[in-house]
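[1] sequence below, structure please.
(2 chains)
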Amino acid sequence: MRPFTRRALTIALLFQLPWIIGFGVFLLYPAAASFYYSFTRYNIINTPRWIGLANYQNLLGDQFFIAAVGNTAYIMLIGVPASIVFSFAVAMILNTEVKGIAIWRTLCFLPAVMPPLVAAILWVWVFNPQFGIANAFLSFLHLPQPGWFTDPIWAKPTMILLNLWQVGVTTIIYLAALQGVPKELYEAVEIDGGGFWRRLWHITIPMVSPVTLFNLITGIIAALQFFTQAYTIGGATGNPQSSLLFYVTYIYTSAFQNFDMGYASAMSWLLFVAIMLCTIVLLLATRRFTYYER
Amino acid sequence: MAVTDAGQTATAQAAALAHRRVVARRRAAWILTYLLVLVAVALFVIPFLWMLVTSLKTPDDLLAPGVNWIPRPIYLQNYVDALTMVPYMQYLFNTLVICVPNVIGTLLSCSLAAYALACIRWPGRGASFAVVLATMMLPYPVTIIPLYLVFRALGWLNIAGGYLPLIVPAFFGAPFFIFLLRQFFASMPAELSEAARVDGASEFRIYAQLILPLSKPALATTMLFTFLYTYTDFLNPLIYISDPDRYTLSLGLLGFFGSHGAAWGPLMAASVMFTIPTSLLFLLAQRSYIQGIVTTGLKG
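    Numbers count the residues shown, from 1 in each chain, chains lettered A, B, ... in the order given. Below is the predicted model:
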């Protein structure tokens, strides 16, 4: 190695030193350690005891674990696609040249920066079965008024509505993507006599497809780690009747309330594997459907 | 002659009719657009307004049947109650004690690491950047338990109210912001730092006096995101803070919600006060916020 690059290497490493330490201490070691702990029984007080795959086996027979997986899958399979479609629609609406559009956009993004905990409390109030405005509106329309968060069947859909309300970040990304679609493409379709739906189907959706993939992956990763709103509304057990018990809620409960660190670590590792698998599968499966200019 | 005249009139009439149809269709589309914007804005704004209105209602007015949007009278006592039923100002102070060092630490550690990735040529740079990208994917819950055990072994759970685990990691880099800043630094012309290097400036001087002053937008985005994240963070304080006097706003509000769940007036007043700083920051720094999101979303 030439002395010049060795010097550059030293300086670069000095600049990177805090991050290298942080990477080792706060990321690499914990990730490796949680893999080890997942094969042990460890209640913090006694030293970890090796029990092989027992934690993973016990998970399969744990009704709370199964409920947590089911609820998280529900948000992933229904909530994430719903928020993709909804944020795309809102971005389309906000991509028009209506008077005062800058203000309208700001207002639509505002809920996204509300503290998740506040949003959750507000949602409990808005969807209060007795005094909430949601049911007041439904009663005005003479429609049935569900119990929302008090009803195990309605609790998750109500949670999805909350996610849709705070969907601003996804909308911002879509809006930027929509503004990047070349105008000539739309003009070309118009000359061919194509209307709104043809422009949407043949130009807009294909042109924003890389962004859709990005939003889908980040949406699924976020759904797998869903916690604050669920814990605020459903508590550590995901009331009512475990309907709001999500994957990370159960990791939290197992680790910091039951002090079953090994068991919780096994769950953490399964979560990591799930995120990796989802990402890889999505990247491979959508290769044919996403359009990249490069 | 007359025949062609009639023909011309007919075509003109047809053209006028077609024109009118186009105008009518444009107008319909225009009205529809306005309607859609109105509906979208209403959906996002109504819950927000409802929070504000509720926070200004008397207990009786709150539970009155039907929807009334105008509180009669405007009842500011809710705000007084929110400040006195829980030590709100203490929670706010605690939150800021965590937020400010987080912002400083993240700015420092991430800009240093990003500078090495973007502006210095060294063997291993590509690999180091790949590690940053890979760890952006690492879900936090995977490391959460061993991290807790590390901080416990260090004895940090019982000193300074359990704040150290919430503050110290910020001084050791976060992959997301290293990535964000690296992208910004790399977009600057390399000739700039080359010229300074030829003039004999040290790497640290180039970083501190040339690159950082030119990177205000990216630094602003980093500050904004770090602040918003730390200010609203819930999971970490929940794990590490056990003393109620040391609660952050998130923990305090959850406690309030748990113990006075039916006192919707004061609860909404506290919620409004908790939300105002995030909303104001967003309104003031909307450009940085959107720029940061777009950078990760479109170029990530």
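[2] now do the contacts for B:Ile239.
    A:252, A:256, B:144, B:148 (CB atoms under 8 Å, 6 or more residues apart in numbering or on different chains). For every residue, glycine as well, the C-beta is placed using N, CA and C.
[3] just the ones of those in helices?
    A:252, A:256, B:144, B:148 (DSSP state H).
[4] excluding its backbone neighbours, what's nearest the last one?
    Spelled out, it's B:Tyr148. In space, and not counting its chain neighbours, B:Tyr148 is closest to B:Ile239: 6.3 Å by CB to CB, 6 or more residues apart in numbering or on different chains.
[5] doesn't the one you found lie inside a helix?
    Yes - looking at B:Ile239 with DSSP: H, G, I helix; E, B strand; the rest coil, it is inside a helix.
[6] from A:Ala120, how far off is it?
    From B:Ile239 over to A:Ala120 the distance is 18 Å, taken as CB to CB, to the nearest Å.
[7] where in chain A is the helix or strand with the lowest mean pLDDT?
    Within chain A, no helix or strand scores below helix A:183-191, which has a mean of 84 by mean pLDDT, DSSP states H and E.
[8] next one: whichever helix or strand comes after it to chain centre, how far?
    Where DSSP states H and E defines the elements, the next helix or strand beyond helix A:183-191 is helix A:196-199. Mean-position distance between helix A:196-199 and its chain equals 30 Å (CA atoms, centre = their mean, to the nearest Å).
[9] other SSEs contacting helix A:196-199?
    Under the contact criterion of 3 or more CB pairs under 8 Å, 6 or more residues apart in numbering or on different chains; DSSP states H and E, helix A:196-199 touches helix A:183-191.
[10] now the helix it packs on: buried residues?
    Judged by neighbour count (16 or more other CB atoms under 10 Å in any protein chain shown), helix A:183-191 contains these buried residues: A:Val189.
[11] give me the residue from the stretch 101-250 of chain B nearest chain A.
    Closest to chain A within the stretch 101-250 of chain B is B:Phe172: 2.6 Å, counting by CB to the nearest CB.
[12] show me which pair in the contacts of B:Ile239 is furthest apart.
    Distance extremes for those: the farthest pair is A:Tyr252 and B:Tyr148 at 10.8 Å, using CB to CB.
[13] contact partners for the closest residue to B:Leu235 other than its chain neighbours?
    Nearest non-adjacent residue to B:Leu235, counting by CB to CB, 6+ apart: A:Phe227, 5.7 Å away. Contacts for A:Phe227 (CB under 8 Å, 6+ apart) come out as A:246, A:248-249, A:252, B:234-235.
[14] so how many other residues sit close to A:Ile173?
    Other residues near A:Ile173 number 25, with proximity taken as other CB atoms under 10 Å in any protein chain shown.
[15] next one: A:Leu213
    18.
[16] quick one: which helix or strand includes it?
    Following DSSP H and E, the helix or strand that holds A:Leu213 is helix A:209-224.
[17] tell me the helices and strands packed up against that helix.
    helix A:80-94, helix A:168-179, helix A:261-285, helix B:286-299.
[18] so what touches the next helix or strand after that helix?
    As assigned by DSSP H and E, the chain's next helix or strand after helix A:209-224 is helix A:228-234. Identification of contacts with helix A:228-234 by CB under 8 Å, 6+ apart yields A:116-117, A:119-121, A:123-124, A:149, A:155, A:159, A:162-163, A:238, A:240, A:243-246, A:249, A:252, B:234-235, B:238, B:254, B:257.
[19] at 6 Å what do you get?
    Residues external to helix A:228-234 that are found in contact with it (CB atoms under 6 Å, 6 or more residues apart in numbering or on different chains): A:116-117, A:120, A:149, A:244, A:246, A:249, B:234.
[20] and what of stretch B:162-182?
    Contacts to stretch B:162-182, defined as CB under 6 Å, 6+ apart, come from residues A:18-19, A:21-22, A:26, B:98, B:101-102, B:105-106, B:109-111, B:113-114, B:117-118, B:132, B:135-136, B:151, B:156, B:218, B:222, B:236, B:240-241.
[21] how far does that stretch sit from the chain's center?
    That offset, for stretch B:162-182, works out to 16 Å (CA atoms, centre = their mean).
[22] export it to CSV, keeping only CA atoms.
    Extracted C-alpha coordinates of stretch B:162-182, given in CSV (Å, rounded to 0.1, in the frame of the first residue of the first chain):
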residue,chain,number,x,y,z
GLY,B,162,-32.0,5.7,33.1
TYR,B,163,-31.3,8.5,30.6
LEU,B,164,-27.8,7.3,29.5
PRO,B,165,-29.1,4.5,27.3
LEU,B,166,-31.4,7.1,25.6
ILE,B,167,-28.6,9.6,25.0
VAL,B,168,-25.2,7.9,24.6
PRO,B,169,-25.9,5.8,21.4
ALA,B,170,-26.6,9.0,19.5
PHE,B,171,-22.9,9.9,19.7
PHE,B,172,-22.0,6.7,17.9
GLY,B,173,-23.7,7.2,14.6
ALA,B,174,-27.1,6.1,13.0
PRO,B,175,-27.0,4.4,9.6
PHE,B,176,-30.0,6.3,8.3
PHE,B,177,-28.4,9.7,8.8
ILE,B,178,-25.0,8.6,7.7
PHE,B,179,-26.6,7.6,4.5
LEU,B,180,-28.6,10.8,4.2
LEU,B,181,-25.5,13.0,4.8
ARG,B,182,-23.2,10.9,2.6
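[23] could you find the closest non-adjacent residue to A:Phe256?
    According to CB to CB, 6+ apart, the nearest residue to A:Phe256 is B:Ile239 (6.0 Å).
[24] where does pLDDT dip in the stretch 51-200 of chain A?
    Of all residues in the stretch 51-200 of chain A, none has pLDDT under 70.
[25] around chain B, which positions in it sit nearby?
    For the stretch 51-200 of chain A, the residues in contact with chain B (CB under 6 Å from any CB of the partner chain) are A:90, A:93, A:96, A:98, A:104, A:107-108, A:111, A:113-115, A:117-118, A:121-122, A:125-126, A:131, A:133, A:136, A:169, A:172-173, A:176.
[26] if we can go back for a sec, pull out the buried members of the contacts of stretch B:162-182.
    Among these, those classed as buried by 16+ other CB under 10 Å are A:18-19, A:22, A:26, B:98, B:101-102, B:105-106, B:109-111, B:113-114, B:117-118, B:132, B:135, B:151, B:156, B:218, B:222, B:236, B:240-241.
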